[in-house]
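A.B. asks: sharing a model prediction with you, sequence too.
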Amino acid sequence: DEHPLVLGIETSCDETGVGLVRGCGLLSDEVASSVDEHARFGGVVPEVASRAHLEAMTPTVRRAVGGPDLIPDDVAKRLRDVDAIAVTAGPGLAGALLVGISAAKAYALALDVPLYGVNHLVGHVAVDQLEHGPLPKPCVALLVSGGHTSLLYVGDLATDVRLLGDTVDDAAGEAYDKVARLLGLGYPGGPPIDRAAREGDPTAIHFPRGKWGDGSLDFSFSGLKTAVARWVEDGQRDGRAPSVPDIAVAFQESVVDVLTRKAVDACVSHGVGHLVISGGVAANSRLRELAGQRCEAAGVELRVPSPRLCTDNGAMIAALGAEVAAAGLPPSPLDLAADTSLPV
Ligand code: KG4
Ligand code: ZN
């Protein structure tokens, strides 16, 4: 195969991800998560995440290149086949990014292969190629996770990505996590709200739609979170037990209604026929359903990676690194720095 073998390293948040990719082929994808260590805080604690990355990095690389039983000499031999290292340069948590970048530099230097610092958000789009083949050019991407809610125009993964819209306050997944906390559903909040909503009456409550019909492609979820909090407080004051499923379905409808409408609007207004939805919230069953319906109505083809590839992982970074290498872009210098707010 003439495509280079790319090792990708991801440490922007609470997942230590290492993946191996050749072209659009996924060879391995290993993830160690510190999510359980953050659960009792109700959100990611940066210092805890950094320490967990440090501990998980070497074992995760080892698993990605050959399984847990390889002796160090065998791991070194397998690593010698790697043609390039890709690493998340940002956006993300400073200390967390630094662990991945430091490891990536060490591997690139030791193996004498190029290092590519890449953008985490664009990685979430690139990963779709590993499942569904080369992305049509152009496409629009909706990235929804605990840390981001962004609409991207992707003319080319390596050279032409533009930000069309973003959240002005909370990320979509962050809103799920905060509302789940209000409802006593635990962390992370997306899966339990997704489940509870299936039992709810969608006509019982109506919550506001943030930045609905404002003509922009931006999002806002903090007003919705406040509306849910007020509903719960009012219920407690009036002595009526708030129905968790009814609140969950009303909250979820508000979120996915705005997400899907703006994503399809972005496709239509830019004359783009393909939409990719990725990030942890892309696992949401109602988001997938409504996006499917609205894309079909608008003549837009929808691509959603499987949930495992939607959440943070190293394969997505390797997939983007492979694109950057194929585009002939220069490698990153060995003094590559973490950029917590790296633009696309
Ligand atoms: O991509 P991800 O694993 O990590 C980052 O934030 O980068 O996304 C995690 C987020 C969490 O906020 C979690 O609550 C949300 O994705 N999530 C969901 C679902 N599964 C995970 N949100 C809604 N519905 C789900 N089924
Ligand atoms: Zn992410």
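C.D. replies: Happy to help now that I have it. Worth saying up front: this structure is predicted, and the values here are computed from it rather than measured. Numbers count the residues shown, from 1 in each chain. Ligands and ions are numbered 1, 2, ... in the order given.
A.B. asks: what about Val18, which SS state?
C.D. replies: Secondary structure, DSSP: H, G, I helix; E, B strand; the rest coil: Val18 is strand.
A.B. asks: where do the strands sit along the stretch 1-150 of the chain?
C.D. replies: 5-10, 15-22, 25-33, 84-90, 115-119, 139-144, 149-156 (DSSP state E, counting those that start in this stretch).
A.B. asks: run the chain-centre distance for the helix or strand of the chain with the lowest mean pLDDT.
C.D. replies: Ranked by mean pLDDT, DSSP states H and E, the weakest helix or strand in the chain is helix 72-79, scoring a mean of 84. From the chain centre to the centre of helix 72-79 is a distance of 30 Å (C-alpha atoms, centre = their mean, to the nearest Å).
A.B. asks: for the helix ranked longest in the chain, packing partners?
C.D. replies: When the chain is scanned for its longest helix (criterion: DSSP state H), the result is helix 244-269. The contact analysis (3 or more C-beta pairs under 8 Å, 6 or more residues apart in numbering; DSSP states H and E) places helix 244-269 against strand 139-144, strand 149-156, strand 160-166, helix 172-182, helix 190-198, helix 222-238, strand 274-278, helix 285-298. The way it works is simple: take the backbone N, C-alpha and C, and place the C-beta from them, glycine included.
A.B. asks: what is the rounded mean pLDDT of the third one?
C.D. replies: Think strand 160-166. For strand 160-166, the mean pLDDT works out to 98.
A.B. asks: next, the angle strand 115-119 makes with it.
C.D. replies: Angle of strand 160-166 versus strand 115-119, following axes from the mean of the first three to the mean of the last three C-alpha atoms, to 10 degrees, is 30 degrees.
A.B. asks: tell me the strands beside strand 160-166, with direction?
C.D. replies: strand 149-156 (antiparallel) (DSSP bridges).
A.B. asks: same question for the partner strand: list its buried residues.
C.D. replies: Neighbour-count burial for strand 149-156, with 16 or more other C-beta atoms under 10 Å as criterion, is recorded at 149-154.
A.B. asks: dump it to CSV, restricted to CA.
C.D. replies: Below are the C-alpha coordinates for strand 149-156, written out as CSV (Å, rounded to 0.1, in the frame of the first residue of the first chain):
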residue,chain,number,x,y,z
THR,A,149,-21.1,22.7,19.2
SER,A,150,-19.8,23.8,15.8
LEU,A,151,-21.0,23.9,12.3
LEU,A,152,-18.1,23.6,9.8
TYR,A,153,-17.9,24.0,6.0
VAL,A,154,-15.4,21.5,4.8
GLY,A,155,-14.1,22.2,1.3
ASP,A,156,-11.1,20.0,2.0
